[in-house]
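Student: okay, sequence plus prediction incoming.
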Amino acid sequence: MSSNGRGSAGKPGSAGKTGSAGKTAQLDEVSKKIIEQLQVDGRRSYAEIGKAVGLSEAAVRQRVQKLTEAGVMQVVAVTDPMQLGFYRQAMIGIRATGDTRVLADQLAEIPAVDYVVLTAGSFDILAEVVCENDDELIALLNSQIRLLEGVVSTETFVYLKLHKQLYNWGTR
């Protein structure tokens, strides 16, 4: 996962690359309920989930394995970057030339980058980074990101305070 370990059951992109308007998983109501149970508490036992959704522990285990293998969800530890010594977070807007997918792949390989998305608008790519301090952010920008082929310009939005971040939007 990312350098800061953020993620949760059902977070887009947490199980790898997500497609655009491609094939979506067709989930039955029981699978949706299992995902919602894990979004509330990723450590909930299969037996507890089974009681809540009306399945045996083995059936829940099997469904969770299938959902995970299919890339529908991933269950990981969600951490607070500040508690781990990462005091600087920022979103970097990148204007690019060439194939933005190639550049996005290169950005995704950088350990400090934990989120990369192709966008429409004034930026071609948004990349979220987590650094220990401002000096590390400056080095990341100047020694890695801005040197990548295709980067025309960057604009950095430093996070002053993370006001809300949830991954429990359910399965709709």
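Tutor: Structure received. Numbering: from 1, shown residues only.
Student: give me the number of residues near Leu166?
Tutor: By the measure other CB atoms under 10 Å, the count of residues near Leu166 is 9. No exception for glycine: its C-beta is placed from N, CA and C like everyone else's.
Student: swap that for Val60, please
Tutor: The tally of other residues near Val60 (other CB under 10 Å) stands at 25.
Student: also Ile145?
Tutor: Using other CB under 10 Å, Ile145 has 21 other residues around it.
Student: how far away is it from Asp80?
Tutor: For Ile145, the distance to Asp80 equals 24 Å [CB to CB, to the nearest Å].
Student: can you check Ala104 too?
Tutor: Ala104 is 27 Å from Asp80, by CB to CB.
Student: quick one: which of these two has more around it?
Tutor: Neighbour count, other CB under 10 Å: between Ala104 and Asp80, Ala104 has more, with 21 against 12.
Student: once you drop chain neighbours, what's closest to that one?
Tutor: Spatial nearest neighbour of Ala104, chain neighbours left out: Val116 (5.1 Å); criterion: CB to CB, 6 or more residues apart in numbering.
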